[in-house]
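Colleague: got a sequence here, can you model it:
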Amino acid sequence: MAHQAKIRDNTDMRDNLRLIFSALWFPATGAALAGIMLFILTFGDYWEFFLWSVGAWVICTVIVITASLNA
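Modeller: Take a look at the predicted model:
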């Protein structure tokens, strides 16, 4: 019985961590993209870097969403 309760506690903790991570993912990465955008607007010709950053963010976001749905 205690073993089952321990497994349930670990599952609850993992669910809580997943919720916290998914809740922080969009504000944190959005702030990072905004910072990159400000850098580009300030210093000029780095649009290709910004497009690569947005592409990487989209790929990582898809991975995070599918991982949280499948787990």
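Colleague: buried ones in stretch 26-45?
Modeller: 29, 36, 40 (16 or more other C-beta atoms under 10 Å). For glycine as for every other residue, the C-beta is placed from the backbone atoms N, C-alpha and C.
Colleague: does the first one count as helix, strand or coil?
Modeller: Okay, so that is residue 29. helix (DSSP: H, G, I helix; E, B strand; the rest coil).
Colleague: quick check, it in contact with residue 57.
Modeller: Yes: the pair residue 29 / residue 57 is scored as a contact, 5.6 Å apart, by C-beta atoms under 8 Å.
Colleague: poorly predicted segments of this structure, please.
Modeller: Applying pLDDT under 70 to the chain flags the ranges 1-11, 13, 71.
Colleague: can you tell me which residue sits nearest the middle of it?
Modeller: Geometric centre of the chain, nearest residue: residue 25, 3.3 Å, by C-alpha atoms, centre = their mean.
Colleague: how close does that residue sit to residue 45?
Modeller: 30 Å (C-beta to C-beta, to the nearest Å).
Colleague: list the contacts for residue 40?
Modeller: By C-beta atoms under 8 Å, 6 or more residues apart in numbering, the contact set of residue 40 is 46, 47, 49, 50.
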